[in-house]
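*Asks:* take this sequence and fold it.
(one chain, ligands or ions: 2)
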Amino acid sequence: MATLFTGGCVCGAIRYEVNAEPIMMFNCHCRDCQRTTGSAFTPVVYVPAKAFKITKGSPHYYSTPSDMAGHNKRGFCPECGSRLFGGASETGQGVAASSLDDPSLFKPQLHMWASDAQPWDAMDPELPKFEKYPPS
Ligand SMILES: [Zn+2]
Ligand SMILES: [Zn+2]
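*Replies:* Ligands and ions are numbered 1, 2, ... in the order given. Reported below is the predicted structural model:
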């Protein structure tokens, strides 16, 4: 299958590609996403695990506790520290939308962990918001 989108970290040491349509796109406002990104939320493109491939470099990982999966293995570049991946499971893999070569492909469908959202974080009033995770 043809590659649909590509991305990587700011220094170029880590590159990846995805060859299937995303399962879901969302903004996660949890405290761990805030701390690991240094921002108000992580914009996530959640793709089929089988369609995701790291094509250059070896990310480092740091796991945070997760109510849904037990832990969330968060990937980042060991050279430049860019946050790249998270939420890996049997079926899916999350990539940070900001790391896409064309971030305009990101079309968020919902906000999750709205319970942790900061007062200075403006959420899209048109999109559904979930206190924690959306019902699966
Ligand atoms: Zn890097
Ligand atoms: Zn999060």
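
*Asks:* show me where pLDDT drops low in the protein?
*Replies:* Counting by pLDDT under 70, the chain has low-confidence residues at 1.

*Asks:* would you list the phi and psi of Cys33?
*Replies:* Comment: the main-chain dihedrals of Cys33 come out as phi -70, psi -40, following degrees, to the nearest 10.

*Asks:* just the one 4 residues further on next, same as before
*Replies:* Comment: the main-chain dihedrals of Thr37 come out as phi -90, psi -20, following degrees, to the nearest 10.

*Asks:* in this structure it contacts Arg83, no?
*Replies:* Yes: between Thr37 and Arg83 there is a contact at 5.3 Å, judged by C-beta atoms under 8 Å. No exception for glycine: its C-beta is placed from N, CA and C like everyone else's.

*Asks:* shared neighbours of those two, which are they?
*Replies:* In the contact map built from C-beta atoms under 8 Å, 6 or more residues apart in numbering, the residues linked to both Thr37 and Arg83 are Ala96.

*Asks:* ok, and what's touching stretch 102-116?
*Replies:* Where contact means C-beta under 8 Å, 6+ apart, the residues beyond stretch 102-116 that reach it are 5, 24-31, 33-34, 41, 43, 45, 97, 100, 117, 123-124, 127-134.

*Asks:* quick one: terminal-to-terminal distance for stretch 90-107?
*Replies:* Terminal residues of stretch 90-107 are spaced 24 Å apart (C-alpha to C-alpha, to the nearest Å).

*Asks:* how far off centre is it?
*Replies:* A distance of 6 Å separates the centroid of the chain from that of stretch 90-107, by C-alpha atoms, centre = their mean, to the nearest Å.

*Asks:* go through it and flag the buried ones.
*Replies:* Judged by neighbour count using 16 or more other C-beta atoms under 10 Å, the buried positions of stretch 90-107 are 92-100, 106.

*Asks:* mind checking which of these land in strands?
*Replies:* Per DSSP state E, strands hold the following members of these: 92-96.

*Asks:* distance to Gly70 added to those residues, as a markdown table?
*Replies:* Supplementary listing: those in a markdown table, determined by distance: C-beta to C-beta, whole Å:
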| residue | distance to Gly70 |
| --- | --- |
| Gly92 | 15 |
| Gln93 | 16 |
| Gly94 | 15 |
| Val95 | 20 |
| Ala96 | 21 |
